[in-house]
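Student: Quick one, what's the 3D model for this:
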Amino acid sequence: MKLILSNWRKVSLIAILILLVAVFGYVIMRSGPLAPIPITVASVENKAITPSLFGIGSVDAQYIYLIGPTVAGRIKHVYVQVGDRVKAGQLVAEIDPVDLDSRVASQEAAIKRALSAVQAAEAQVNDTTARKDYAEGEAHRYEQLLQVRSTSVETLEAKLQDQKVTEANYAAANANLMAAKQDITRIRADRDGLIQQRNNLQLTATANGLVGARNAEPGTTVVAGQAVIQIIDPASIWINVRFDQIRAAGLSAGLPASVVLRSQAHHPIPSKILRVEPLADAVTEETLAKVVFDHLSKTPPPIGEMAEVTVKLPALPASPVIPNAALKQINATTGVWLIKADKLSFVPVKIGATDLEGHVQILDGLKAGDRIVVYSQREIGAHSRIKIVDHLLGNAP
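Tutor: I've put the predicted structure just below:
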């Protein structure tokens, strides 16, 4: 009897152990590390997409005017503040003229003196003209008298000599008159140069615009060409944007775009591509473009503000398309996990354009109808056990 009871206990213990092992194995296979990995799948679709292009840029202006003196000087007045709107020709700053006004007055006095010299030279010309005409008449009369032998040869020669002297005096007087007139021209040119130099010290706006910077204050000494005031043309505001060259195919002027300024993250601004720059950045491998707003607000964004630009490219013909989330990188190879007969295989693919809805064009590697893995609960491999679900709990890696 004791032997039967002992055997029954052993059998019961073995049965319990077997049951525990079975339960443990079941738990491991269903919820442990050996459990099937939940995944979501999608089928490759053959559809047309409208690709989009994303780039980062900054606000800039096509026309920025730097207003400064043409000669070194000390700033006397600055009449505008940053943010003021100015009109073309408006006085914005002034350089101390020092002695320019006195030098202009000196040139004015020199012009009056030169005019007096011209009058004196003209009077001398009139006097020598009269003397020359009288000497020519006397010489002609004595030539006739010599023909009738009413005068001597010596007297005629004296009259001819007087004629030559008066002609020389006449030429000298004319030369003095021309020199006096040239002096007036020279002095007036010097005066006009001083006046122009004086006017250059009046710094005026070259175009309608907005004062973007005030780089110097009264009392500051500036050199020739140094900018005192910076004026921005608000109508010429645009975005300098950079696009990845790999995805920039089809980018051209006139395409619609959307600009999101960093200060207005939730307010996209309708825009368009003004032009694509003929020179790209070989270092960063980016294509450069200019984007302008369809309607510019009265208060333009500050120069240098960062902006995100999204461009809608022309629609592409129908081709195999997959969700962007299905793409994986394994050993620097881009591909997807393909499901065939409930088995996984990693298939390299060649991708094309993408759109704003997260679709990616597949140029090679897949065909319409193939089933691929979109999300997985954890990393999967070719020999992973999988379980297809509608959606995953938590964030997929």
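Student: does Ala88 really touch Ala205, like I thought?
Tutor: Yes: using Cβ atoms under 8 Å, Ala88 is in contact with Ala205, at 5.7 Å. (Each C-beta comes from the backbone N, C-alpha and C, glycine too.)
Student: So the two - more neighbours on which side?
Tutor: Neighbour count, other Cβ atoms under 10 Å: between Ala88 and Ala205, Ala205 has more, with 21 against 12.
Student: And the more buried one, how far from Ala93?
Tutor: 10 Å (Cβ to Cβ, to the nearest Å).
Student: what is in contact with the two at once?
Tutor: Ile67, Ile229 (Cβ atoms under 8 Å, 6 or more residues apart in numbering).
Student: Give me the below-cutoff pLDDT ranges for the stretch 251-397 of the chain.
Tutor: 393-397 (pLDDT under 70).
Student: all strands of it, in order?
Tutor: Secondary structure of the stretch 251-397 of the chain (DSSP state E, counting those that start in this stretch): strands located at 256-261, 269-276, 286-293, 306-312, 319-323, 328-330, 333-340, 343-348, 350-354, 359-364, 371-376, 386-388.
Student: closest one to Trp238 among those?
Tutor: With Cβ to Cβ, the closest approach to Trp238 among these belongs to strand 286-293: 4.8 Å.
Student: Next, the residues that contact that closest one from outside, please.
Tutor: Contacts of strand 286-293 (Cβ under 8 Å, 6+ apart): 55, 57, 237-245, 248, 251, 257, 259, 269-277, 279-281, 309.
Student: hmm, which of those are the buried ones?
Tutor: 55, 57, 237-243, 248, 251, 257, 259, 269, 271-273, 276, 280, 309 (16 or more other Cβ atoms under 10 Å).
Student: thought Lys132 was touching Tyr170?
Tutor: Yes: contact criterion Cβ under 8 Å: Lys132 and Tyr170 qualify, at 4.6 Å.
Student: And the strands in the stretch 1-150 of the chain?
Tutor: Under DSSP E, counting those that start in this stretch, the stretch 1-150 of the chain gives strands at 37-43, 45-47, 52-61, 64-67, 73-78, 85-86, 91-95.
Student: could I get those as a markdown table with distance to Ala120?
Tutor: A markdown table is the format used below for these (distance: least, Cβ to Cβ, whole Å):
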| stretch | distance to Ala120 |
| --- | --- |
| strand 37-43 | 105 |
| strand 45-47 | 99 |
| strand 52-61 | 60 |
| strand 64-67 | 47 |
| strand 73-78 | 40 |
| strand 85-86 | 51 |
| strand 91-95 | 40 |
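Student: Name the stretch among the ones you listed that sits most buried.
Tutor: strand 91-95 (a mean of 20; mean count of other Cβ atoms under 10 Å).
Student: Report the angle between that one and strand 73-78.
Tutor: 140 degrees (axes from the mean of the first three to the mean of the last three Cα atoms, to 10 degrees).
Student: Who does strand 91-95 pair with, and is each partner parallel or antiparallel?
Tutor: strand 73-78 (antiparallel), strand 202-204 (antiparallel) (DSSP bridges).
Student: can I get the strands of the stretch 251-397 of the chain in JSON lines with distance to Val125?
Tutor: What follows is the strands of the stretch 251-397 of the chain, written out as JSON lines (distance: least, Cβ to Cβ, whole Å):
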{"stretch": "strand 256-261", "distance to Val125": "76"}
{"stretch": "strand 269-276", "distance to Val125": "67"}
{"stretch": "strand 286-293", "distance to Val125": "68"}
{"stretch": "strand 306-312", "distance to Val125": "76"}
{"stretch": "strand 319-323", "distance to Val125": "96"}
{"stretch": "strand 328-330", "distance to Val125": "99"}
{"stretch": "strand 333-340", "distance to Val125": "97"}
{"stretch": "strand 343-348", "distance to Val125": "102"}
{"stretch": "strand 350-354", "distance to Val125": "89"}
{"stretch": "strand 359-364", "distance to Val125": "93"}
{"stretch": "strand 371-376", "distance to Val125": "105"}
{"stretch": "strand 386-388", "distance to Val125": "116"}
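Student: Select, out of these, the one closest to Leu201.
Tutor: Once these are compared by Cβ to Cβ, strand 286-293 is nearest, at 36.4 Å.
Student: just the angle between the closest one and strand 52-61, please?
Tutor: Using the same axes, to 10 degrees: strand 286-293 against strand 52-61 is 70 degrees.
Student: Could you export strand 286-293 as CSV, CA atoms only?
Tutor: C-alpha atoms of strand 286-293 as CSV (Å, rounded to 0.1, in the frame of the first residue of the first chain):
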residue,chain,number,x,y,z
GLU,A,286,22.4,72.0,-52.2
THR,A,287,20.5,73.8,-54.8
LEU,A,288,19.9,77.5,-54.1
ALA,A,289,16.6,79.3,-54.9
LYS,A,290,14.8,82.6,-54.3
VAL,A,291,11.2,82.5,-52.9
VAL,A,292,8.9,85.5,-52.9
PHE,A,293,5.6,85.9,-51.0
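Student: and of the strands paired with strand 91-95, who's closest to Lys387?
Tutor: Per Cβ to Cβ, nearest to Lys387 of those: strand 73-78, 74.6 Å.
Student: how distant is the closest one from the center of its chain?
Tutor: 30 Å (Cα atoms, centre = their mean, to the nearest Å).
Student: List of residues touching that strand?
Tutor: So strand 73-78 is contacted by 92-96, 98, 201, 214, 216-222, 228-229 (Cβ under 8 Å, 6+ apart).
Student: Try it again at 6 Å.
Tutor: Ala93, Glu94, Ile95, Asp96, Ala216, Pro218, Thr220, Thr221 (Cβ atoms under 6 Å, 6 or more residues apart in numbering).
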